[in-house]
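S.K.: fold the following for me, if possible:
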Amino acid sequence: MNKIKPTAAELEILQILWKYKSATVKFVHQQINHKKNVGYTTTLKIMQNMAAKNIVKRELNGKSHVYIPVLKQEETQNILLNRFLETAFSGSASNLVMQVLGNHKTSKEELKQIKELIKKLDGGK
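M.R.: Got it, this is the predicted structure:
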């Protein structure tokens, strides 16, 4: 398992790459700029650094470089969540869940899914 912990900017890029499976710097830059104004060279440099750190791999496709995520989404999220859980909640999953549910609007569908998960974890009771 890759223990690399991506930065916030790298995670933003990874979210795009996980969604689209692969992308050029231009495409990633356009996606990021829907939310905030970032320079193209900034996006390029971050993605080059990610390739150097083996977070993504870069392949030549015609005249363009296509970037593909090396880190798996679920694995990366688990590493980050575990680190956050340990540092912010002293390892208490219940404290994390109570904080999240208490501070954020949860839809009826999300609550239904949470209840189903609890039931499953409780042995179907």
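S.K.: what is the helix or strand where residue 31 lies packed up against?
M.R.: Assigned by DSSP states H and E, residue 31 belongs to helix 25-32. Judged by 3 or more C-beta pairs under 8 Å, 6 or more residues apart in numbering; DSSP states H and E, helix 25-32 is in contact with helix 8-20, helix 40-52, strand 64-69. Yep, even glycine has a C-beta here, placed from its N, CA and C like the rest.
S.K.: if we go to 10 Å?
M.R.: If you count contacts as 3 or more C-beta pairs under 10 Å, 6 or more residues apart in numbering; DSSP states H and E, helix 25-32 packs onto helix 8-20, strand 23-24, helix 40-52, strand 64-69.
S.K.: which residues touch that helix?
M.R.: For helix 25-32, contacts defined as C-beta atoms under 10 Å, 6 or more residues apart in numbering pick out 9, 12-17, 19-20, 23-24, 38-48, 56, 58, 64-67.
S.K.: among the residues you listed, which ones are buried?
M.R.: 9, 12-14, 16-17, 23, 43, 46-47, 56, 65-67 (16 or more other C-beta atoms under 10 Å).
S.K.: farthest-separated two in those residues?
M.R.: Distance extremes for the buried ones among the contacts of helix 25-32: the farthest pair is 9 and 66 at 19.6 Å, using C-beta to C-beta.
S.K.: give me the longest helix you can find in the chain.
M.R.: For the chain, the helix with the greatest residue count under DSSP state H is helix 73-89.
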